[in-house]
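Asks: return a 3D structure for these sequence lines:
(2 chains)
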Amino acid sequence: MNIILDVQYLCKTFDDTRVLNDINFKVNEGEFIAIMGQSGSGKSTLLYNISGMDSPTSGNVWLRDKEISKLKDTRMSEIRLKQMGFIFQHAYLLKNLSIRDNIVLPGFKLGKLSREQVNQNADALMIKTGIRNVADHDIKRVSGGQLQRAAICRALINQPDILFGDEPTGSLNSSTTNEVMDIINAVNADGTTVIIVTHDAKVAARAGRVIFLADGNIHEELIMGKYDRDEKKKLAREKKLFEWLEKQGF
Amino acid sequence: MDWLIVKNDFIRNKVINLSLLLFMMFSVGLAALSMMVAVQTYTSISELYEIAQPPHFMQMHKGEIDREKIDEFMSAYEGMAYWQTITMINAYGENITIAGQKDTYDLSDCRLDIGLVMQNEAKDLLLNAKHEPVTMRKGEIGIPVLLRDMYGMEIGDHVILTNQNVTKEFVIREFILDSMMNSTMASSTRILLSHEDFEMLSGDIGENEYLIEAYLTNAKEASAFQTAYENAGLPQNGQAVTYTIIFMLSALRDIVTVFVLLLVSILLIFVSFICIRFTIMAALAEEISEIGTMKAIGLSFSDIRAIYLNKYRVLALAGVIAGYIMALSISSVFTKHIGDTFGNMKISPLAVILSLVVSCLVFFLINHYCKKVLKKIKRVTVVDALVSGKGFEKEKGGIKDGLFKSKTLSVNWLMGIREVFYRFTNWIVVFAVVSIAVLMILVPVNLMSTFEAPEFITYMGSSLEDILIEVENGENLETSYARVKQALGNDDAIDKYFEYRRVRVQTADAEGELMNLKIDTGDNAGNELQYLSGKAPEEDNEIAISYLNANAIGKKDGDSMLLFYDNKVQEFVISGAYQDVTSGGYTAKSKYNFSELTAEKYSFSVNLKDKAEIGKKVHEWSTALGAGVTVDPMEDFINQTLGGVVKQLKTVVFATIIIGACMAMLITVLFLKLRLAKDSYEVAALKAVGFSAHDIQQQYMIKTGCVAIIGILAGIILTKFLGERIVNTALSIAGLGIKKVELITNPMVEYILCPLLLLVLILLVTRIAVRTIKNCNIISIKNE
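Replies: Predicted coordinates for the structure are as follows:
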């Protein structure tokens, strides 16, 4: 397996408070990692530092053969555009654009494919995520679940190598959470590496590996194995994770 | 508690509050300043006139006079309070040499007729800067401030008067204020000598000219008196002016200043209102949940409004005080000309009080406007504020899709242009301010280029030619005319020339009373003037009349009028009305030559084949044609006549450009600061999906640039539609005989230089303001 992300001795300090403390871990291509931890454990900070949204105080982050932790804004934006996709707790779609325009925007910006091709890809993604019927709607006139699916389509339009998610289902109800996570699992099954931060054990149970963070350190890791949609296997994974989390004091 | 809220708000929103304060300060400052200059102009002139006592009617006359006949007429005229006939020795500029401390020069290039006089006994006095009548001792000379300003003379400089027989040297002891001839728009100026020197030079330097001055019990009767005087066949070989014309000519320069200051201050008040509305709306939107909570716990509308209103009241009060102090401290710059021309007066108490009243008025206007805007608090419901999140914003129309349809335009341009087109109301502040700034800059700039343009002469009742030759000499008029005619006829350098002969007839005014009408006759009469209505006369029975005459007669083009002359009555059709500032604005033009009548004046407008020869020809003809004939290059005529106005206007225009540009820049920064705070969510989202700070900055540059360009275009259109109306309204109010001026613009300045300068400045400040975008990211949004 090729390593897509290599985090080395990553530290992050806000004023005098050390939030992340010498974090080391590697992510293989095609892996699905869930980062968990108590509130204030530094999980979101870790996600933003390894995705280049924020700069670590010290340490290195390698994306394949590129060290990205100290890149300038323009270069980092380029990497974010080409190789990374983001989903947040809220969809953060642009208010003045329709669902479709929001999705094609990064594709147009990248300019790798023709605009026609980008539109076709957007259509395909919207069909896959079930929002084709609201493609030309104003974002104020669709549901939260549809918005989050649109955000996933936007994150995937440039076929990124890694999809980052910060509580991607945090604002959704349980059935919509399942639908959204099904999509993320499908994206992962297609070969995209996925790293998400979540406090929802059911969501984390869909990952191949769970990293538990405590007081800015990686406290423990749990290998969950490949996700299977079979209900029994799903329940077994969830049980395994619940027990492990209990041991971590979660 | 309210004060604590106000104080905290000031600390939190320093930049926005400071900008608001500055706008309020400048709008109040300029409004107060324009009032100060207006009052100061009026009171200074009034005070000068009170002591100097210029006549209500004055007739200049070259040639012999019969004093007894004049006295007889004056004493018999009902309503006559006082009269005097003053002798003035005409001196030619080339005969006056100034030996200054730095250099020696003569006044040969002076277009004004220079007259040597002695101090009068009781009225029409020449004063010093302290408004005291000046008396010269032997060997001393008093120079009018007008000449001092034109040539930079100083006290102690030597003035040498020479003629064929005489050379006499004087020392400048005083610069004098001449209540009657203190404007470059007057045709003459007076130099004061001692009685002894005057008597000695009489007859040696130049011929005598007489000023026949009348003081009436009612100054408003001056026009009626003029008609009676002219009908009595009394001396009238020269200009005649009435009190109103004297006043207006003196004050033109300062009236223009007042007008520009007033215009700028009104526009700034508008801008202040726009800023106030924008900042209030931004503050209300930001604090919508607090407002909702206050409403929910039962605070009344007036209680909630008071919290916000107090802040703007404090700001407005501070702005009014600062603006008023600013006006007081810089008033000396704008009233310098008034002081120089009409005497060094301190700012009158009336100016101080009235400008304070204007400042208070602006304060109440701001206060009232704030109250009006804050009424929105009343309309918002607790549900709007706390539950639905609708807030103060109106429901906007559906999304305008289409970005995905774009084939080629770069994404940054797409994002920028889409916002400008689909969400233009978001940028209305920048649009409005830029349009106002353009109007603010272009109206004075165009007004200045109009005053500077050679074509402006056509608004003054003269045609646009290279050289103007005037023959005004009673006894030798026909001889001088023949001499000029001969000189022009034999000169190959001339491309073409037109001659005009001035005659005087009578007609009936609007009330049916007889009035005098001076008509310039000639084949080309009235051909190159600007007509308010109708056209130049084409047939012999047609006549074009000046705007003031049209008002006096109460007729318009197409009407017929009767002319009485040489015991005959002839009907003429009015072909058109034009504007004129020459001869007091009461003139007429006709092709019919009235050969039965004696000419009062001849004038020739000459065009040369080679324009480079103008200077040479003027000198040649001046020398050859001698006394009684004035030869002026038209450009000099304009420069010397309007030079003072243009000079003053230049200072005001420069100040206006700076104020306009600073206003546009400041508002743009203020707006962008608030806009970026509002857009932080969108900026963060764009950054998260891979747009760099540079991309987003470019989008804002495109948005601001597009709005600024639209604003500039709107400003230019506004200037085209309103500029002339504003100027014409002001000119009509001034009553100079000009009703309508088509602004003569310099396309390079109006369409390229000014817009480009403004656009570059706006983009520059935008570039600086959007630098903060690099600090905005999704983490900061999440943490809020």
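Asks: how much space between the residue in chain A positioned nearest to chain B and B:Leu686?
Replies: Nearest residue of chain A to chain B, counting by C-beta to the nearest C-beta: A:Leu81, 2.7 Å away. C-betas here are computed from N, CA, C, even on glycine. Relative to B:Leu686, A:Leu81 is positioned 11 Å away (C-beta to C-beta, to the nearest Å).
Asks: neighbour count: those two, which is higher?
Replies: B:Leu686 (27 against 22; other C-beta atoms under 10 Å in any protein chain shown).
Asks: quick one: the more buried one from B:Ile778, how far?
Replies: To B:Ile778, B:Leu686 is 10 Å away according to C-beta to C-beta.
Asks: ok, now A:Ile33?
Replies: Per C-beta to C-beta, A:Ile33 is found 20 Å from B:Ile778.
Asks: got it, and B:Thr425?
Replies: 28 Å.
Asks: follow-up on the earlier one: so who does the residue of chain A closest to chain B touch?
Replies: Residues in contact with A:Leu81 (C-beta atoms under 8 Å, 6 or more residues apart in numbering or on different chains) are A:Pro106, A:Lys109, A:Leu110, A:Asn158, B:Val689, B:Gly690, B:Phe691.
Asks: same question, A:Lys70
Replies: A:Lys70 makes contact with A:Ser55, according to C-beta under 8 Å, 6+ apart.
Asks: return the alpha-carbon coordinates of whichever helix or strand the residue of chain A closest to chain B is part of using PDB.
Replies: Element membership for A:Leu81 (DSSP states H and E) is helix A:73-83. In PDB, the C-alpha atoms belonging to helix A:73-83 read as follows (Å, rounded to 0.1, in the frame of the first residue of the first chain):
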ATOM      1  CA  ASP A  73      -1.500  30.200   0.400                       C
ATOM      2  CA  THR A  74      -1.600  30.100  -3.400                       C
ATOM      3  CA  ARG A  75       0.200  26.700  -3.600                       C
ATOM      4  CA  MET A  76      -1.900  25.200  -0.800                       C
ATOM      5  CA  SER A  77      -5.100  26.400  -2.500                       C
ATOM      6  CA  GLU A  78      -3.900  24.700  -5.700                       C
ATOM      7  CA  ILE A  79      -3.400  21.400  -3.800                       C
ATOM      8  CA  ARG A  80      -6.700  21.800  -2.000                       C
ATOM      9  CA  LEU A  81      -8.400  22.300  -5.400                       C
ATOM     10  CA  LYS A  82      -6.700  19.400  -7.100                       C
ATOM     11  CA  GLN A  83      -6.200  16.800  -4.500                       C
END
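Asks: roughly how far is it from the heart of the chain?
Replies: Distance of helix A:73-83 from its chain centroid, counting by C-alpha atoms, centre = their mean, to the nearest Å, is 16 Å.
Asks: does chain B sit close to the next helix or strand after that helix?
Replies: For helix A:73-83, the following helix or strand on the C-terminal side (DSSP H and E) is strand A:84-87. Yes. Interface with chain B: strand A:84-87 contributes A:Met84, A:Phe86 (C-beta under 8 Å from any C-beta of the partner chain).
Asks: got the contact list for the following helix or strand past strand A:84-87?
Replies: Next along the chain after strand A:84-87, taking DSSP H and E as the criterion, comes helix A:99-110. For helix A:99-110, contacts defined as C-beta under 8 Å, 6+ apart pick out A:81-82, A:93-94, A:97, A:113, A:115, A:118-119, A:121-122, A:125-126, A:131, A:134-137, A:139, A:142, A:146, A:150, A:153-154, A:157-158, B:401-404, B:406, B:411, B:414, B:689-691, B:695.
Asks: pLDDT (mean, whole number) over helix A:99-110?
Replies: The average of the pLDDT scores along helix A:99-110 is 92.
Asks: and for stretch B:366-384?
Replies: On average, stretch B:366-384 scores 85.
Asks: so which bits of it are buried?
Replies: Residues of stretch B:366-384 classed as buried: B:Ile366, B:Tyr369, B:Cys370, B:Val373, B:Leu374, B:Lys376, B:Ile377, B:Val380, B:Asp384 (neighbour count, 16 or more other C-beta atoms under 10 Å in any protein chain shown).
Asks: same check, this time on stretch B:564-581
Replies: B:Tyr565, B:Gln570, B:Phe572, B:Ile574, B:Ser575, B:Gly576, B:Ala577, B:Tyr578, B:Gln579, B:Asp580, B:Val581.
Asks: count the residues that sit near the nearest residue to B:Lys375 once chain neighbours are set aside.
Replies: Of all residues not flanking B:Lys375 in the chain, B:Arg305 sits nearest, at 8.0 Å (C-beta to C-beta, 6 or more residues apart in numbering or on different chains). Per other C-beta under 10 Å, the neighbour tally for B:Arg305 reads 18.
Asks: list the contacts of B:Arg305.
Replies: Here B:Arg305 is in contact with B:Lys371, B:Leu374, B:Lys375, B:Ile377, B:Lys378 (criterion: C-beta under 8 Å, 6+ apart).
Asks: contact partners for B:Asp557?
Replies: Contacts of B:Asp557 by C-beta under 8 Å, 6+ apart are B:Ser533, B:Gly534, B:Lys535, B:Ile574, B:Ser575, B:Gly576, B:Ala577.
Asks: so which of the residues you listed also contact chain A?
Replies: Applying C-beta under 8 Å from any C-beta to the contacts of B:Asp557, one finds that nothing falls near chain A.
Asks: and of these, the nearest to chain A?
Replies: Taking C-beta to the nearest C-beta as the measure, chain A lies nearest B:Ser533 of the contacts of B:Asp557, at 52.7 Å.
Asks: partner residues bridging the closest one?
Replies: Assessed by DSSP bridges, B:Ser533 has beta-bridge partners B:Ala577.
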